[in-house]
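Novice: what's the 3D shape of this:
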Amino acid sequence: MSTESGIPDFRSATGIWAEVDPFEVASIDAFRRDPERVWRWYGTRIRSLLAAEPNLGHVALADLERSGHVRAIVTQNIDTLHTRAGSVDVVEVHGSIRQAVCQGCGALEPLDSVLEQLDQGPVPRCPACGEIPKPDVVLFGELLPAAAFGRAEQLARNTGLLVVVGSSLQVWPAAGVPEITVARGGALALVNDEETPLDGQAELVVRGSAGETLSAVAAILESS
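Specialist: Below you'll find the model as predicted:
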């Protein structure tokens, strides 16, 4: 979804992990070993994500939610672009950049405070206990938040149609969510530039951009 907003993907030949080792800057072990290095990388990344704007795909999904055609959005993206586009029921299974969580007392530090502290020093500090908070995103080596992933599974079990947009379906356990819908008799549609492991199980596969495809769907449904 977010590549059309100018945000690089992770796993392509020109993606983020082609330039930097994720286990050095985006793993829980790296954070425990050298939180300053992780924050140096994440601080820059957070600012780049905040500079991005929702694209036509994000806007179309928000429109489809308002018109009752979309029940909820499950996303692995941490960039908050869905909510900034106007979507309300957004399930962020990999967390988001909107806050950091203290590793000492569990307090949540809002993004504005985190960025203000990063402007003044190498790492933010929890005002309650003085420990270094972690970006409230799922790092390599961490489990997905149980409540968010449980909601994603529930939505997948109960939907008649699950639409996967812009995902390679290679990152687990989120990649297994569409299989829940198929196993329960629901339909699966895929919008992606490249093949995915679930193409053969989908009722519909669209090779195209998220923005163009979802905007066309929204226009058709709104005119019907």
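Novice: residues making contact with the helix ranked longest in the chain?
Specialist: Taking DSSP state H as the criterion, the chain has its longest helix at helix 35-51. With CB atoms under 8 Å, 6 or more residues apart in numbering as the test, helix 35-51 has contacts from 7, 20, 24-26, 30-31, 78-80, 97, 111, 114-115, 118, 122-124, 132, 134-135. C-beta coordinates here come from the backbone N, C-alpha and C atoms, glycine included.
Novice: 6 Å instead, please
Specialist: Outside of helix 35-51, the residues within contact range by CB atoms under 6 Å, 6 or more residues apart in numbering are 25, 30-31, 79, 97, 118, 122-123, 132, 135.
Novice: gap between R45 and P22?
Specialist: Between R45 and P22 the computed distance is 12 Å (CB to CB, to the nearest Å).
Novice: quick one, which of those two is more surrounded?
Specialist: Neighbours were counted for R45 and for P22 using other CB atoms under 10 Å; R45 has more, 19 against 15.
Novice: what's the spacing between that one and V25?
Specialist: Computed as CB to CB, the R45 to V25 distance reads 9 Å.
Novice: Within the sheet, what are the partner strands of the helix or strand encompassing V163, with directions?
Specialist: Using DSSP states H and E, V163 sits within strand 161-165. When pairing is defined by DSSP bridges, strand 161-165 lines up against strand 187-191 (parallel).
Novice: which parts of the strand it pairs with are buried?
Specialist: For strand 187-191, burial by neighbour count (16 or more other CB atoms under 10 Å) applies to 188-191.
Novice: And those, which is closest to R207?
Specialist: Checking the buried residues of strand 187-191 against R207 by CB to CB gives V191 as the nearest, at 8.3 Å.
Novice: looking at it, that closest one is touching T213, isn't it?
Specialist: Yes - using CB atoms under 6 Å, V191 is in contact with T213, at 5.0 Å.
Novice: How many residues are close by R151?
Specialist: Using other CB under 10 Å, R151 has 16 other residues around it.
Novice: So for F10, what's the pLDDT?
Specialist: In this prediction, F10 carries a pLDDT score of 61.
Novice: where along the chain do the helices fall?
Specialist: For the chain, applying DSSP H gives helices covering 22-25, 28-33, 35-51, 56-66, 81-85, 111-120, 146-158, 177-183, 210-223.
Novice: Nearest to T3 among those would be which one?
Specialist: Smallest distance to T3 across these (CB to CB): 8.3 Å, for helix 210-223.
Novice: hang on, the earlier thing: report the buried members of the contacts of helix 35-51.
Specialist: Buried residues within the contacts of helix 35-51, counting neighbours by 16+ other CB under 10 Å: 25, 30-31, 79, 97, 118, 123, 132, 135.
Novice: Which strand runs longest in this protein?
Specialist: Under DSSP state E, the strand in the chain containing the largest number of residues is strand 95-102.
Novice: Give me the residue at the spatial middle of the protein.
Specialist: What sits nearest the mean C-alpha location of the chain, by CA atoms, centre = their mean, is N77, with 1.3 Å.
Novice: now it: how far from N55?
Specialist: The gap separating N77 from N55 is 12 Å, by CB to CB.
Novice: And R207, by the same measure?
Specialist: According to CB to CB, R207 stands 18 Å off from N55.
Novice: Those two: which has the busier surroundings?
Specialist: Applying other CB under 10 Å to R207 and N55 shows that N55 carries more neighbours, namely 22 against 12.
Novice: show me the contacts for that one.
Specialist: Taking CB under 6 Å, 6+ apart, one finds 4-5, 211 in contact with N55.
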